[in-house]
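S.K.: My questions concern the predicted model and sequence given below.
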Amino acid sequence: MNTVTLLLPPRRVLAADAALAGSVLATWLARGDVLAAAAAGRDTALRESFQFAGTSVPVAALTRQADCFDAAGALWLRADPAYVRADMATARLLAWGDLGLTREDCEALLRPLKPLFGDSGFPIDAPVPSRWYLRAPAGAQLPAFVPPDQAHGDDLRLHLPEGHEGRRWRSLLNEAQIVLHNHPLNAQRIARGQLPVNSLWFWGAGSLPQWIKTPLARVLTRDGVLAALAAQASCAVLVPQPDALAGFAGETLLDLDDPALLPALAQDWLPALQQALARGRLDVLQLRFVDGTRVSWRHANRWRFWRRVRPLQA
């Protein structure tokens, strides 16, 4: 049986787009088989396709393995370069990860940071300019860290780690911010019209799972975390392209949970999926919204005329 699981943004995001609100998505939602709702969140949606020990997706270990193949046997934490802007009352995280750094830039920025984190027991390095890592000692107790997209634009203080262990990390962050604020490279970046790297963002702590199971034959995604997760499960990973639907077999996860992909979803993906269903090349389409909504669609569901189709509502 050929199945595609379509990972989608929250319905309110799709409803705000006129091209999508009245699209075939509305028909699939109205006339498909509504499944039990899941907890909201992208991690929850991924865990429905991937089984491994633990309660959260170990982002840092997965991407470290993809970047360096040395993640096994250690506890990892992402410490991505970030830009924080201070205002009258607080500071806000406005950018992280891909800030246009070169390898030489990373080496310069890391030079004064390495003693700070190394002396604290957390060696830091940057195998990829947009992904920096801390290696934690065995048995280290780490607080809960928030993914950067959850803190984006918000009061920074609301998203810093709490508790006794959190106090240690808040102190490390403050020291790192002082080092970066005074770094001459940032003055050069500002003069060139680039954002300064004046902070770090800690997140994604975890160890590499010893095993990952999935029924998926392949994953189509541009997300590095999902790609790393799929690779660890020995699953084929492809860049999403509508023509990739041709000739597929088995179970496929199609990741379109990205606001930047909404135009392509309306213009390319929905027509391609609709055509695959009509021609019998696709047996089941599973709609998985990150807000927790779950719907299953088969081509025969189109005959449910008694179910009124309404545009998506926010």
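M.R.: That came through, no problem.
S.K.: Please make it C-alpha for all contacts and neighbour counts, starting now.
M.R.: Will do.
S.K.: Quick check: Asp80 touching Trp201?
M.R.: Yes. With contacts counted by Cα atoms under 8 Å, Asp80 reaches Trp201, the gap being 5.2 Å.
S.K.: Pull the contacting residues for His181.
M.R.: The contact partners of His181, by Cα atoms under 8 Å, 6 or more residues apart in numbering, come to 197-198.
S.K.: Mind doing that once more with 10 Å?
M.R.: The contact partners of His181, by Cα atoms under 10 Å, 6 or more residues apart in numbering, come to 175, 187, 196-199.
S.K.: just to revisit the earlier point, list the residues that contact both of Asp80 and Trp201?
M.R.: Contacts common to Asp80 and Trp201, judged by Cα under 10 Å, 6+ apart, are 96-97, 132, 148.
S.K.: So Ile311, which state does it fall into?
M.R.: Residue 311: Pro, not Ile. At Pro311 the chain is in coil, as set by DSSP: H, G, I helix; E, B strand; the rest coil.
S.K.: Please identify which of the shared contacts of Asp80 and Trp201 is nearest to Ser234.
M.R.: Nearest to Ser234 among those: Trp132, at 24.9 Å, using Cα to Cα.
S.K.: Counting neighbours, what do you get for that closest one?
M.R.: If you count neighbours by other Cα atoms under 10 Å, Trp132 ends up with 23.
S.K.: Name every strand pairing with the helix or strand encompassing it and say which way it goes.
M.R.: Trp132 belongs to strand 131-136 when assigned by DSSP states H and E. Paired strands of strand 131-136, with direction, are strand 75-86 (antiparallel), strand 124-128 (antiparallel) (DSSP bridges).
S.K.: Summarise which helices and strands the helix or strand following it is packed against.
M.R.: On the C-terminal side of strand 131-136, the nearest following helix or strand under DSSP H and E is helix 148-151. Judged by 3 or more Cα pairs under 10 Å, 6 or more residues apart in numbering; DSSP states H and E, helix 148-151 is in contact with strand 91-96, strand 199-207.
S.K.: can you map out the strands along the stretch 201-314 of the chain?
M.R.: Here the stretch 201-314 of the chain has its strands, by DSSP state E, counting those that start in this stretch, at 218-220, 236-238, 251-255, 284-289, 294-297.
S.K.: Now do the buried residues in the second one.
M.R.: What that stands for is strand 236-238. Under the neighbour-count criterion of 16 or more other Cα atoms under 10 Å, strand 236-238 has Val237 buried.
S.K.: who does that strand pair up with?
M.R.: strand 218-220 (parallel).
S.K.: Same check on the third one?
M.R.: Strands that pair with strand 251-255, judged by DSSP bridges, come out as strand 3-8 (parallel), strand 218-220 (parallel).
S.K.: angle of the longest one against strand 284-289?
M.R.: Orientation check (axes from the mean of the first three to the mean of the last three Cα atoms, to 10 degrees): strand 3-8 against strand 284-289 gives 20 degrees.
S.K.: start at 596 instead
M.R.: Happy to do that; since the first residue is 596 now, the last one works out to strand 598-603.
S.K.: so after strand 598-603, what's the next helix or strand?
M.R.: Taking DSSP H and E, what comes next after strand 598-603 is helix 606-610.
S.K.: roughly how far apart are Val879 and Gln862?
M.R.: Using Cα to Cα, to the nearest Å, Val879 is found at 21 Å from Gln862.
S.K.: Looking at the two now, which is surrounded by more residues?
M.R.: Val879 (18 against 12).
S.K.: which strand residues sit across from that one in the sheet?
M.R.: According to DSSP bridges, beta-bridge pairing links Val879 with Thr598.
S.K.: I am assuming it contacts Leu872, so please confirm or correct that.
M.R.: Yes. Contact between Val879 and Leu872 holds when scored by Cα atoms under 10 Å: they sit 7.9 Å apart.
S.K.: so what's in contact with the two at the same time?
M.R.: Joint contacts of Val879 and Leu872 (Cα under 10 Å, 6+ apart) are 892-894.
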